[in-house]
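Novice: Turn this into a model:
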Amino acid sequence: MTTRKKLGLACMILGAVLLASAVALLAYNRWDDWRAGKAADEIQSALKVVMVDLPSETAEEEEPYEAEAEAEEEPRVMNTVEIDGDEYIGILTIPSLALELPIMADWSYPKLKIAPCRFAGSVWTDDMVICGHNYSRHFGNLKYLEQGNTVIFTDVDGNVFSYEVAETVILQPTDVEELLSQDSGDWDLTLVTCTVGGKTRVTVRCVLAAE
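Specialist: Numbering: from 1, shown residues only. Next up, the predicted model:
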């Protein structure tokens, strides 16, 4: 076999290997996306059962006497419930995306493969940041949100917080300070996920909806 033929054969083999690798990677990504959606659905079903079984807060608890309110200096703590060893703070609902997801109390890369996580802040201090993977059944469609779209967060105590999308911006992975800073706007809730390839971050800024 001539050198040219050997080189051609090597190129064909290399091309076949690369094609097989690409197909395998695509198949894995599809499977991982499906797995993440299934995991979130299972957790959400269990979380809803727990939330229904929890005792409701009374009006007196939600609206304490004025003297007690004045004495309260620290913001309320977001309660959690434990499911399969992980803590959850509530459920996020985005009607325009037909999306409903459980939200973990704190974040880590392994936890993000199960459900979106609170990255920082709280609903009680109007600065909560929730991050999630760009799985299609997690935060992969955040880029389609438009100004005025509704975002709802229901905590494990049954308190409902309704928000409106104010703007969507693209941040760099290193822009953590800007992500958390309130200097760029009065944002009550921020949702963030990676773009395809992970080079930038889709960042959706939300404000509490007017009552």
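Novice: The top strand by length along the chain: which residues count as buried?
Specialist: The residue-count maximum for a strand in the chain (DSSP state E) belongs to strand 160-171. Within strand 160-171, the residues scored as buried using 16 or more other Cβ atoms under 10 Å are 161, 163, 164, 165, 166, 168, 169. C-beta: built from backbone N, CA, C; applies to glycine.
Novice: Which strands border that strand, and is each parallel or antiparallel?
Specialist: Strand 160-171 sits in its sheet next to strand 150-155 (antiparallel), strand 201-208 (antiparallel), going by DSSP bridges.
Novice: Tell me how far residue 107 lies from residue 84.
Specialist: Remark: distance between residue 107 and residue 84 (Cβ to Cβ, to the nearest Å) = 16 Å.
Novice: List phi and psi for residue 114.
Specialist: phi -100, psi -50 (degrees, to the nearest 10).
Novice: Next, count neighbours for it.
Specialist: 20 (other Cβ atoms under 10 Å).
Novice: Apart from its chain neighbours, what residue comes closest to it?
Specialist: residue 39 (4.9 Å; Cβ to Cβ, 6 or more residues apart in numbering).
Novice: Could you count how many residues lie near the closest residue to residue 117 other than its chain neighbours?
Specialist: Distance criterion Cβ to Cβ, 6+ apart; nearest residue to residue 117, sequence neighbours excluded, is residue 107 at 3.4 Å. Other residues within reach of residue 107, judged by other Cβ under 10 Å, total 18.
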